[in-house]
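*Asks:* Please find the sequence and the predicted model below.
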Amino acid sequence: MTPLTSGRAFVVFAVFALGYFLSSLVRGVTATLAPALTQEFALSSSQLGLLGGAYFLGFAMLQLPLGNWLDRVGPRRVLSFSLAAASLSCVAFAMADGFVSLLLARFICGVGVSACLIAPLTGARLWLQGSQQQSANAWMLMVGSLGLLTATLPVQWALPVYGWRSLFLVLALFFALTVLGTARQVPAIQSASAPSRGSSLFASYAPIFANRYFRRMAWVGFVNYGILVAVQTLWAGPWMTAVAGYSAAEAARGLFAMNLTMLFVFWFWGMANPRLHRAGFVAERIILRGLPFGFIALAAIAWLGPRAGWEAFAIYCAMSSVLALTHPAIGMSFAAHEAGRAISAFNLLLFAGVFTTQWCVGAALDRLQAAHWQVVDAYRAVFGLLALACGLSYLWLLQGSTENRQMAAKA
């Protein structure tokens, strides 16, 4: 593909950014709405975890088909249909009258926004150079942090005035407007090397899953990245109220501060990546050196217990931000016509990990409290297990080395 001019690239990625901003907002809003939804629908911890996880289950289920579609027809058509489904899901969520209807709408929302990150990342692989891809990924994640930021205090302020149902109707409108922007501004592609229509879905992914480097990164995506997103988008909020003793308003302010921190962290990565790339610090090298700080910070949260407020979670998220480099690292390890499938396969593992974490944390908390554990002790035990899982995943990553990395194609 011919690289885009700087002006054209700015317009295209501005459209992508709006879609990803909205997807991040609906992803993170569960933590802020948790007290209101729990009160209105009498949700248990397991139901709350399942409600948060349903989004990621829907998201994960579409990743493999999306990769094929992206390589075949390109980001424009895939993202347009995806955003249209997201718009409809927000209307369904606003009209929900019980847990089941909430769950179904949340699942459809995950399906709808499933292309909001991998479509831009695929576009970056097609239309940008190597160091630009890492920067574009960081800028996109910065926009995502802005969406998560908006899902905290601004939503908390709007709830007493407009209610959560009106919020989702407004989101539906903005998703619909983004569909129009995508159809008008994102270029079409033609790829003769994409998988043929006759090839089976799993056969088209065989070279992706057979890649040794992909297999090394797989557990990092499922465990470390999955736990990070699950904590950031759901369980940080309940920890603040149940363990640290925050009120709902204080928890919303804490989530706002945490996500504001991440916005500046991703801004830093966007600025630093070109310089790091020129200095020889490739993505894998940064991941290997930086990843331990994240799960050490998570273990510290479990150890601190009630003393771990929003600041501890901001440190954990910031120390784990090297995980943002996994997507461009995976994408650049494959040829351009395989990038959509490679990134979507990694996304499948990532969001399967998020779903598993969100649901299992809620189920574990319910079980421990049913066994007469104190709430604080239950949270500390579960978060300690999460930190241990991250450490074991990192040991798996260390089994290989940069020299053994298997390139499916020249980046």
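*Replies:* Cool, got the structure.
*Asks:* biggest helix in this structure by residues?
*Replies:* helix 6-41 (DSSP state H).
*Asks:* I'd like the next helix or strand past it.
*Replies:* helix 45-61 (DSSP states H and E).
*Asks:* so what's the residue nearest to N347 when sequence neighbours are not counted up against?
*Replies:* Using C-beta to C-beta, 6 or more residues apart in numbering and skipping residues adjacent in sequence, the residue nearest N347 is Q63, 4.8 Å away. For every residue, glycine as well, the C-beta is placed using N, CA and C. Shown in contact with Q63 (C-beta atoms under 8 Å, 6 or more residues apart in numbering): S114, I118, S344, A345, N347, L348, F351.
*Asks:* contacting residues around the fifth one?
*Replies:* By C-beta under 8 Å, 6+ apart, the residues touching N347 are F59, A60, Q63, L117, I118, G221, H327.
*Asks:* what helix or strand is it on?
*Replies:* Using DSSP H and E, N347 falls in helix 339-370.
*Asks:* need the next SSE after that helix, C-terminal direction.
*Replies:* Using DSSP H and E, the first helix or strand after helix 339-370 is helix 375-397.
*Asks:* between that following helix and helix 45-61, how many degrees?
*Replies:* Angle, helix 375-397 to helix 45-61, by axes from the mean of the first three to the mean of the last three C-alpha atoms, to 10 degrees: 30 degrees.
*Asks:* Can you list the neighbours in contact with helix 375-397?
*Replies:* With C-beta under 8 Å, 6+ apart, helix 375-397 has contacts from 216-217, 219-220, 222-224, 227, 231, 239, 242-243, 287-288, 291-292, 294-296, 298-299, 301-303, 305-306, 357, 361, 364-365, 368-369, 373.
*Asks:* would you put the C-alpha positions of that helix in PDB?
*Replies:* Presented in PDB, the C-alpha positions along helix 375-397 are these (Å, rounded to 0.1, in the frame of the first residue of the first chain):
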ATOM      1  CA  VAL A 375     -14.300  -8.200  52.300                       C
ATOM      2  CA  VAL A 376     -10.800  -6.600  52.500                       C
ATOM      3  CA  ASP A 377      -9.100 -10.000  52.900                       C
ATOM      4  CA  ALA A 378     -11.000 -11.500  50.000                       C
ATOM      5  CA  TYR A 379      -9.900  -8.600  47.700                       C
ATOM      6  CA  ARG A 380      -6.300  -8.800  48.900                       C
ATOM      7  CA  ALA A 381      -6.200 -12.600  48.200                       C
ATOM      8  CA  VAL A 382      -7.700 -12.300  44.800                       C
ATOM      9  CA  PHE A 383      -5.400  -9.400  43.700                       C
ATOM     10  CA  GLY A 384      -2.400 -11.300  45.100                       C
ATOM     11  CA  LEU A 385      -3.300 -14.300  42.800                       C
ATOM     12  CA  LEU A 386      -3.600 -11.900  39.800                       C
ATOM     13  CA  ALA A 387      -0.100 -10.600  40.500                       C
ATOM     14  CA  LEU A 388       1.200 -14.200  40.800                       C
ATOM     15  CA  ALA A 389      -0.300 -15.100  37.400                       C
ATOM     16  CA  CYS A 390       1.300 -12.100  35.800                       C
ATOM     17  CA  GLY A 391       4.700 -13.200  37.200                       C
ATOM     18  CA  LEU A 392       4.300 -16.700  35.800                       C
ATOM     19  CA  SER A 393       3.300 -15.300  32.400                       C
ATOM     20  CA  TYR A 394       6.500 -13.200  32.400                       C
ATOM     21  CA  LEU A 395       8.600 -16.300  33.000                       C
ATOM     22  CA  TRP A 396       7.000 -17.900  29.900                       C
ATOM     23  CA  LEU A 397       8.000 -14.800  27.900                       C
END
